[in-house]
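In: here you go, sequence then predicted model.
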Amino acid sequence: MTILVTGARGTIARAVIAALTASGQPLRIASREPSAVPNAVVYDPSDPGPALQDISQVFLYADPASAPAFVAAAEAAGVKQVVLLSSMASHADHPGDPHAETERIIGSGAYATTVLQPGTFMSNARFWAYQVRATGQIRLPYLDAEEAPIHEQDIADAALRVLLDGPGNGHDGRAYALTGPESMTRRRQIQLITEVTGDPIHAIDLTPDQARTELAATMRNPAQLEPCCLTGPPASASPTRSSPPSNSSRGTRPAPSPPGSRTTALSSLDTRGLN
């Protein structure tokens with residue numbers, strides 16, 4: 001059973017590829033830019049059929065525009081299982097949310113589907129570096145909202161467990177909300193970064209209107225801007241769907257939700273580029 005990993009340039013996909021390779025699983029690596037990834041084949045979201053040939057399982061990142069083409073091609077190829085990387089943002093009842101729409105489309109296929117719904121990534125803090133270098137500030141809305149940032153490796157571990165278990169082993173049709181080990185405010189996250197880097201950072205709590213203006217220039221998907229400004233970050237401290245699978249058979253740690261072993265304090269060591 002050959003496993004296809006899409007989005008091979010991404011942090012989570014790279015971790016999934018490394019773990020599957022180490023476990024000896026037959027693997028096909030795919031990317032929209034295969035020249036940037038060793039041993040990768042081309043993945044065209046508008047025509048994924050060639051990449052899906054002779055594939056039984058898929059680790060997938062998709063969007064609403066490409067999801068219908070994937071479903072048709074996966075069904076034609078006889079794919080048995082799809083593990084979709086989505087987001088906890090899909091829990092919110094916001095019309096047009098791209099994650100919720102992608103889940104709906106991918107979940108309609110004639111194969112077993114498991115959805116991974118991580119909350120805030122720990123590494124998102126790296127994007128604050130530009131503000132810190134330029135102004136000494138981090139400007140965000142809802143600084144006192146609680147969230148539980150998760151390390152990307154813990155997300156990859158959950159994906160690996162589902163893929164290795166395979167279809168028909170308790171994951172079919174389930175959505176796993178994934179969180180990190182500690183619930184904290186964004187203000188606390190900024191405090192941790194300050195403690196690790198030694199640089200004072202001034203936290204500025206934006207109003208929703210200010211956030212719309214400032215975040216619109218950098219947020220890749222406009223459909224996600226309004227939910228962020230109206231409600232703040234996903235309620236990642238309080239997952240509302242199925243608990244994710246145990247990873248204990250690998251002799252390491254459980255998959256997250258609640259915790260993996262990586263804390264925000266340790267992850268903030270990766271933000272040393274802020275100074």
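Out: Good, I have the coordinates.
In: quick one: the helices in this structure?
Out: Using DSSP state H, the helices of the chain run over residues 11-23, 49-52, 67-77, 98-106, 129-135, 152-165, 186-197, 208-215, 225-231, 264-267.
In: lowest average confidence, helix or strand, in this structure?
Out: The helix or strand of the chain with the poorest confidence is helix 264-267; it has a mean of 45 (mean pLDDT, DSSP states H and E).
In: and the helices of the chain as JSON lines, adding distance to residue 114 and mean neighbour count?
Out: Where C-beta positions appear, they are placed from N, C-alpha and C, glycine not excepted. Output for the helices of the chain, formatted as JSON lines (distance: least, C-beta to C-beta, whole Å; neighbours: other C-beta atoms under 10 Å):
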{"stretch": "helix 11-23", "distance to residue 114": "13", "mean neighbour count": "18"}
{"stretch": "helix 49-52", "distance to residue 114": "17", "mean neighbour count": "18"}
{"stretch": "helix 67-77", "distance to residue 114": "14", "mean neighbour count": "19"}
{"stretch": "helix 98-106", "distance to residue 114": "10", "mean neighbour count": "21"}
{"stretch": "helix 129-135", "distance to residue 114": "34", "mean neighbour count": "14"}
{"stretch": "helix 152-165", "distance to residue 114": "5", "mean neighbour count": "24"}
{"stretch": "helix 186-197", "distance to residue 114": "29", "mean neighbour count": "19"}
{"stretch": "helix 208-215", "distance to residue 114": "31", "mean neighbour count": "15"}
{"stretch": "helix 225-231", "distance to residue 114": "24", "mean neighbour count": "17"}
{"stretch": "helix 264-267", "distance to residue 114": "25", "mean neighbour count": "18"}
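In: give me the neighbour count for residue 183.
Out: Number of residues near residue 183 (other C-beta atoms under 10 Å) recorded here: 16.
In: didn't residue 116 look like it was pressed against residue 157?
Out: No - using C-beta atoms under 8 Å, residue 116 makes no contact with residue 157, being 10.6 Å away.
In: which neighbouring elements make contact with the lengthiest strand in the chain?
Out: Of all segments of type strand in the chain, defined using DSSP state E, the longest is strand 112-118. Contacts defined by 3 or more C-beta pairs under 8 Å, 6 or more residues apart in numbering; DSSP states H and E place strand 112-118 against strand 81-85, helix 98-106, helix 152-165, strand 174-178.
In: run the chain-centre distance for it.
Out: From the chain centre to the centre of strand 112-118 is a distance of 11 Å (C-alpha atoms, centre = their mean, to the nearest Å).
In: state the mean pLDDT of it.
Out: The pLDDT scores in strand 112-118 average 97.
In: what does stretch 94-102 give?
Out: pLDDT averaged over stretch 94-102 gives 87.
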